[in-house]
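1. No letters, just coordinates:
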């Protein structure tokens, strides 16, 4: 059994910045993504507030999943985190500091592509610390009406999704399944844009939402359900399900560690993603942390007994049966 994962933690080589429009506020937003030390994770800082309050990008900080994922430190918040978090995950970045001068991450073109290109400009820096991954050992399932999500044991990170929006030529059932590698994320998922029915977008405008939404950052589905209003058309024939997978990747990145498991999602969204993460945390008998350690001249995975209190914790068990592949080449060029 092999694990398709980088063994070392990574951060950026240098800081990068961009600006854009918040999808719901319509406000101009600037973000700067900076390198961070080992084991720091991803953390947002509100640079528009005097003391620059920190908001860790962690699932326990999630406070709202309406239309997007919003995290908070109890006072300040950051919304629409999923596309940027997906890009950080896809680029293989474990540790980064993000300064942002508003409470909403800019929508850019509606995908993770612009963020990924920005991170590639910053470059990827390997750190000395080895990664810790969350490995699913028993299946976990959730169902809400006609929506469901499941995660199963798997020696890698695999995603499978299905959507169906009625019986029409454009938005009939779409499916996507892939073992998630950096190459597949870049080529098949990162550029998939957010979408909505045009009448839904108009209703959001009337209610003071999606004020930054336009054909430059949202795929608008025509009233007849047979076409889109965007002149350039679709980037992929199945762009809708690919974007749903992008959202899934970005939301699950809030677990804070790479995941070894196969996620199977049917008509899922931000709320179900959050519920899955919470269910994982609430069922420690269904997963374990695996941390990589150096033993002599080799790197070996070790199971951490996370369900046992610290004062009675068992000695970590080594896993000689897992074959570790060579460290893959970085996708980010300095």
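-> Happy to help now that I have it. These numbers come from a predicted model, not from an experiment.
2. Looks like residue 289 contacts residue 132 (just checking).
-> Yes - using C-beta atoms under 8 Å, residue 289 is in contact with residue 132, at 5.5 Å. Placement of C-beta: from N, CA and C, glycine included.
3. Need the overlap of contacts for the two.
-> Residues touching both residue 289 and residue 132 (C-beta atoms under 8 Å, 6 or more residues apart in numbering): 257, 304.
4. Okay, helices next: where are they in the protein?
-> 82-91, 113-122, 182-184, 198-206, 239-252, 270-282 (DSSP state H).
5. so what's residue 133 closest to, chain neighbours aside?
-> residue 258 (4.6 Å; C-beta to C-beta, 6 or more residues apart in numbering).
6. show me what contacts the one you found?
-> Counted by C-beta under 8 Å, 6+ apart, residue 258 has contacts 5, 131, 133, 134, 157.
7. for residue 274, same thing?
-> 59, 62, 65, 69, 251.
8. mind redoing it with 6 Å?
-> 62, 65 (C-beta atoms under 6 Å, 6 or more residues apart in numbering).
9. count of residues packed around residue 226?
-> 11 (other C-beta atoms under 10 Å).
10. brain fart, residue 213
-> 23.
11. repeat for residue 177
-> Other residues close to residue 177 by other C-beta under 10 Å number 13.
12. from what I can see it touches residue 160, true?
-> Yes - with contact defined as C-beta atoms under 6 Å, residue 177 and residue 160 form a contacting pair (3.9 Å).
13. For this structure, name the helix or strand with the lowest mean pLDDT.
-> Ranked by mean pLDDT, DSSP states H and E, the weakest helix or strand in the chain is strand 317-318, scoring a mean of 38.
14. Leaving out sequence neighbours, find the closest residue to residue 194.
-> The nearest residue in space to residue 194 (C-beta to C-beta, 6+ apart) is residue 110, at 4.3 Å.
15. residue contacts, residue 159?
-> Contacts of residue 159 (C-beta under 6 Å, 6+ apart): 180, 245, 263.
16. Out of these, which comes closest to residue 22?
-> residue 245 (23.4 Å; C-beta to C-beta).
17. Contact partners for that closest one?
-> Residue 245 touches 159, 161, 176, 189, counting by C-beta under 6 Å, 6+ apart.
18. where in the stretch 151-300 of the chain is pLDDT low?
-> Counting by pLDDT under 70, the stretch 151-300 of the chain shows low-confidence ranges at 166-169, 296-300.
19. now, which of the contacts of residue 258 lie within strands?
-> Among these, DSSP state E puts 133, 134, 157 in strands.
20. Neighbour-wise, which one of these leads?
-> Highest neighbour count within the ones in strands among the contacts of residue 258: residue 157, with 22 neighbours (other C-beta under 10 Å).
21. Quick check: nearest residue in space to residue 103, chain neighbours excluded?
-> residue 77 (5.3 Å).
22. Quickly list the domain ranges of this structure.
-> If you go by automatic domain parsing, the domain ranges for the chain are 8-130, 133-287.
23. mind checking which of the ones you listed is nearest residue 293?
-> From those, taking C-beta to C-beta, the stretch that ends up closest is domain 8-130, at 6.7 Å.
24. looking at it, residue 35 is touching residue 14, isn't it?
-> No - using C-beta under 6 Å, residue 35 is not in contact with residue 14, being 7.1 Å away.
25. Please say which of these two ends up with more neighbours.
-> With neighbours defined as other C-beta under 10 Å, residue 35 and residue 14 compare such that residue 35 has more, 19 against 12.
26. Quick check: the farthest pair among the contacts of residue 258?
-> 131 and 157 (12.6 Å).
27. give the contact list for the most centrally placed residue in the chain.
-> Nearest to the mean C-alpha position of the chain, by C-alpha atoms, centre = their mean, lies residue 250 at 1.4 Å. Taking C-beta under 6 Å, 6+ apart, we find residue 250 in contact with 82, 83, 85, 86.
28. from those residues, which single one is nearest residue 51?
-> residue 85 (24.0 Å).
29. Contacts only, for the closest one.
-> Listed by C-beta under 6 Å, 6+ apart, the contact set of residue 85 reads 250, 253.
30. now with 7 Å?
-> Contacts of residue 85 were listed using C-beta atoms under 7 Å, 6 or more residues apart in numbering, and they are 57, 250, 253, 254.
31. Turn the residues you listed into JSON lines, columns for distance to residue 121.
-> Output for these, formatted as JSON lines (distance: C-beta to C-beta, whole Å):
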{"residue": "57", "distance to residue 121": "21"}
{"residue": "250", "distance to residue 121": "20"}
{"residue": "253", "distance to residue 121": "20"}
{"residue": "254", "distance to residue 121": "24"}
